[in-house]
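Peer 1: from the sequence below, what's the structure:
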Amino acid sequence: MNTVVFQAAEHLTFATVEVERQRFLGCLPQAVLQDKCRIDLSGVKRCDSAGLSLLIEAKRLCNQHQISMEVCEMPDFMRFLAEFSNIDSFF
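Peer 2: Presented below is the predicted three-dimensional model:
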């Protein structure tokens, strides 16, 4: 089986998160068929709590649809923000 890859945008912020959410929802039907989804964060240059919230929602949706979700290439600043927010173990 193939893995559906969601390539996150450069900015995961309050200003951009709704567009990214819609993009992720567009990938969801294919991920349901493949049972696997990878969220690639390698291109993210900026992130705030809205970006982390998007990842939490993606995880919830994947769990709801029984899709295996992997987060990869999380930048150090995002990892720090997740640790600071006490949600790092979630990913």
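Peer 1: please count neighbours and contacts with C-alpha atoms only from this point.
Peer 2: OK.
Peer 1: contact partners for Lys45?
Peer 2: By C-alpha atoms under 8 Å, 6 or more residues apart in numbering, Lys45 lies in contact with 10-11.
Peer 1: how far away is it from Arg38?
Peer 2: From Lys45 across to Arg38, the span is 18 Å (C-alpha to C-alpha, to the nearest Å).
Peer 1: next: Asp76.
Peer 2: Taken as C-alpha to C-alpha, the span from Asp76 to Arg38 is 18 Å.
Peer 1: what does Arg60 give?
Peer 2: Distance of Arg60 to Arg38, computed by C-alpha to C-alpha: 14 Å.
Peer 1: repeat for Arg21
Peer 2: From Arg21 over to Arg38 the distance is 15 Å, taken as C-alpha to C-alpha.
Peer 1: which stretches of the protein aren't confidently modelled?
Peer 2: 1, 91 (pLDDT under 70).
Peer 1: for it, longest helix please?
Peer 2: helix 17-34 (DSSP state H).
Peer 1: run the chain-centre distance for that one.
Peer 2: Offset of helix 17-34 from its chain centre (C-alpha atoms, centre = their mean, to the nearest Å): 10 Å.
Peer 1: helix or strand for the residue nearest the centre of the chain, which one?
Peer 2: Central residue of the chain (C-alpha atoms, centre = their mean): Leu55, 3.8 Å from the mean position. If you go by DSSP states H and E, Leu55 is part of helix 49-64.
Peer 1: which element follows that helix toward the C-terminus?
Peer 2: Using DSSP H and E, the first helix or strand after helix 49-64 is strand 68-72.
Peer 1: quick one: that following strand to helix 49-64, angle?
Peer 2: Compare the direction of strand 68-72 with that of helix 49-64 by axes from the mean of the first three to the mean of the last three C-alpha atoms, to 10 degrees and you get 150 degrees.
Peer 1: got the angle between the very next helix or strand once past strand 68-72 and helix 49-64?
Peer 2: Toward the C-terminus, strand 68-72 is succeeded by helix 76-84 as the next helix or strand (DSSP H and E). Counting by the same axes, to 10 degrees, helix 76-84 points 70 degrees away from the direction of helix 49-64.
Peer 1: what are the contacting residues of helix 76-84?
Peer 2: With contact meaning C-alpha under 8 Å, 6+ apart, helix 76-84 is reached by 47-49, 52, 88.
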